[in-house]
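J.: Coordinates only, no sequence provided:
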């Protein structure tokens with residue numbers, strides 16, 4: 001009897017997405033692909049823009065956004081953009097002490 005490979009592929013995919021990867025401080029980490037989507041959302045790109053930029057279907061972009069929203073506990077693109085802005089490293093070349 002041949003094992004049900006479709007079941008195993010679905011189970012592996014579900015495990016990959018359900019498993020939240022965290023760093024030592026317990027902060028949720030995003031994959032490189034998810035980070036690129038977050039950056040594009042923060043720049044104001046629509047799902048269509050993102051799908052064209054990353055060569056993905058719009059459905060795939062929406063699926064990624066759903067996963068990102070769940071990992072970061074945000075509900076809107078605006079909250080995601082604000083999260084991205086707050087997580088940026090300060091630019092060492094900018095003068096933060098403007099007079």
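T.: Yep, that arrived. As the structure is a prediction and not an experimental result, all values here were calculated from the model.
J.: Only C-alpha atoms from now on, for both contacts and neighbour counts.
T.: OK.
J.: Now do the contacts for residue 42.
T.: 78, 80, 81, 82, 84, 85 (CA atoms under 8 Å, 6 or more residues apart in numbering).
J.: where does the fourth one land in three-state SS?
T.: The reference is to residue 82. What DSSP: H, G, I helix; E, B strand; the rest coil gives for residue 82 is helix.
J.: Phi first, then psi, for residue 31.
T.: phi -70, psi 170 (degrees, to the nearest 10).
J.: hmm, I was thinking of residue 46
T.: Dihedral angles (degrees, to the nearest 10) for residue 46: phi -80, psi 170.
J.: Give the burial count for it, as a bare number.
T.: 14 (other CA atoms under 10 Å).
J.: What of residue 81?
T.: 19.
J.: Looking at residue 29 now. What's its pLDDT?
T.: pLDDT for residue 29: 82.
J.: Top of the contacts of residue 42 by number of neighbours, please.
T.: Ranking these using other CA under 10 Å puts residue 80 first, with 21 neighbours.
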